[in-house]
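**Q** Predicted model and sequence follow; I will ask about them next.
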Amino acid sequence: MPVTGLVTFDSQPLEQGSISFHDPAGTTMAFGLIKNGSYRMDQSASYPGVPPGQYTVSVLSWIERPGAMQPDGKISKGVSFLPEKYLVPATSGLTADVAKKGSRLNFELVSSGTPGKK
């Protein structure tokens, strides 16, 4: 089933980025693009929508993407718009519980303190 929702950072919609749901082994099970805070996941690798279950969540939003060519000719390691903890599911503090009939899951990311779900 599809999963939709809103991702905010310090109470403002996250302008752009991506969100991923990971199984207990750390495998990415579903991925969606974030635009103006909204995301939608309609298809995982082998399943229409997101399989029901519990996931850890990671969120990426780049000021400068890893691998980008810098003005001095060097390759960028990347500059994240978000705190590093959100880049890795094990440290993000974000979880998703996807229902059999789909879900609307909102995530509030913060520059400091503890992340949460709305």
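**A** Perfect, thanks for sending it.

**Q** Compute the distance between Asp42 and Val98, please.
**A** Counting by CB to CB, to the nearest Å, the gap from Asp42 to Val98 is 13 Å. Using the backbone N, CA and C atoms, a C-beta is placed for each residue, glycine as well.

**Q** Which residue of these two possesses the greater neighbour count?
**A** Val98 (22 against 14; other CB atoms under 10 Å).

**Q** which residues touch that one?
**A** 1, 3, 21, 50-55, 105 (CB atoms under 8 Å, 6 or more residues apart in numbering).

**Q** From these, pick the one nearest Phe9.
**A** Leu105 (15.8 Å; CB to CB).

**Q** Please tell me how far the nearest residue to that closest one once chain neighbours are set aside sits from Phe21.
**A** In space, and not counting its chain neighbours, Leu105 is closest to Gly5: 4.3 Å by CB to CB, 6 or more residues apart in numbering. Going from Gly5 to Phe21 by CB to CB gives 11 Å.

**Q** can you check Ala96 too?
**A** On the measure of CB to CB, Ala96 and Phe21 end up 5 Å apart.

**Q** quick one, which of those two is more surrounded?
**A** A count of neighbours by other CB under 10 Å puts Phe21 above the other of Ala96 and Phe21, at 27 against 22.

**Q** Quick one: name whatever helix or strand follows the helix or strand harbouring Ala30.
**A** Here Ala30 sits within strand 28-35, counting by DSSP states H and E. For strand 28-35, the succeeding helix or strand toward the C-terminus, using DSSP H and E, is strand 38-41.
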